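**Q** Just need the structure, nothing else, for what follows:
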Amino acid sequence: MRLLTLFLAALILAGCQSTSPRPYAGIKHFMLEKPVAIAAGTTRTFFQQGVAKPYMAVDWYAPWCALEVRTLKETATTVQPDTFAITRVQLDEMEVAVRPGVQLAALWKGGVALALGGQERPQTMDAVHLYLHSPRQPNVLRLTCAGRLSDGDPQDAPDSWRPDPARINTILGPYGRLE
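**A** The predicted model follows:
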């Protein structure tokens with residue numbers, strides 16, 4: 001019994017070691033091709049359709065990426081063109097809009113909400129966080145990319161899907177690419 005327990009624990013831990021969920025398994029580097037300004041009082045600059053944007057200009061109903069630094073500064077900073085190693089990949093679902101209301105019970109079955117109290121499925125974005133490292137720019141934290149804000153409506157696809165590497169390159173445009 002003890003041997004079986006050790007085997008199962010090792011199997012579970014081995015499954016947790018993956019740092020590159022598909023389809024990101026072959027991607028090793030993020031190449032930043034152009035300087036990216038990070039505005040004072042922020043830690044991120046966003047990208048959509050090859051254009052760098054501040055937070056307030058992002059269309060949450062279209063796929064986006066954000067280059068993020070570790071330190072919040074009172075002055076603007078610039079991330080210089082560089083090759084960043086991707087050290088970890090994390091898949092995420094971000095909930096950004098919640099409708100107030102009373103929900104007595106809910107059951108999520110195959111992406112369909114069966115609920116009492118009229119609660120609709122919250123709007124979320126499927127995202128991927130690519131953690132970055134460069135010895136020349138240690139303040140750079142990660143590149144986060146996400147599909148459009150969606151409540152799961154099939155008509156939102158494919159823009160609501162988590163962006164794959166090819167889609168990420170399109171979102172970034174001339175600013176960068178995954179390799």
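**Q** Would you state the helices of the chain in chain order?
**A** According to DSSP state H, the chain carries its helices in the segments 2-16, 165-172.
**Q** quick one: contacts of stretch 60-77?
**A** Stretch 60-77 is contacted by residues 32, 36-49, 58, 79, 96, 125, 138-149, 159, 163, 167-168, 171-172, 176 when judged by C-beta atoms under 8 Å, 6 or more residues apart in numbering. All C-beta spots, glycine's among them, are computed from the backbone N, C-alpha and C.
**Q** what bits of this structure have low per-residue confidence?
**A** 1-20, 97-119 (pLDDT under 70).
**Q** In it, mark out all the strands, start to finish.
**A** 29-32, 36-38, 44-48, 51-53, 64-69, 77-79, 82-97, 105-109, 112-116, 123-133, 140-146, 176-178 (DSSP state E).
**Q** Indicate which one of the ones you listed is closest to Pro21.
**A** Pro21 lies closest, by C-beta to C-beta, to one member of those: strand 82-97, at 5.5 Å.
**Q** Tell me how far the closest one lies from the chain's centre.
**A** 4 Å (C-alpha atoms, centre = their mean, to the nearest Å).
**Q** what sits against Gln137?
**A** Counted by C-beta under 8 Å, 6+ apart, Gln137 has contacts Val79, Gln80, Asp82, Phe84.
**Q** Setting aside sequence neighbours, what's the nearest residue to the second one?
**A** By that I understand Gln80. Pro35 (5.6 Å; C-beta to C-beta, 6 or more residues apart in numbering).
**Q** looking at it, Arg88 is touching Val128, isn't it?
**A** No: the criterion here is C-beta atoms under 8 Å, and Arg88 misses it with Val128 at 10.8 Å.
**Q** These two: who's more crowded?
**A** More crowded of Arg88 and Val128, by other C-beta atoms under 10 Å: Val128, with 23 against 12.
**Q** That one bridge partners, please.
**A** Leu91, Cys145 (DSSP bridges).
**Q** Look up how far Leu91 lies from it.
**A** Using C-beta to C-beta, to the nearest Å, Val128 is found at 6 Å from Leu91.
**Q** re earlier: and the strands of the chain as TSV, adding distance to Asp153?
**A** Converted to TSV, the strands of the chain look like this (distance: least, C-beta to C-beta, whole Å):
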stretch	distance to Asp153
strand 29-32	31
strand 36-38	33
strand 44-48	21
strand 51-53	25
strand 64-69	19
strand 77-79	35
strand 82-97	14
strand 105-109	15
strand 112-116	11
strand 123-133	10
strand 140-146	16
strand 176-178	28
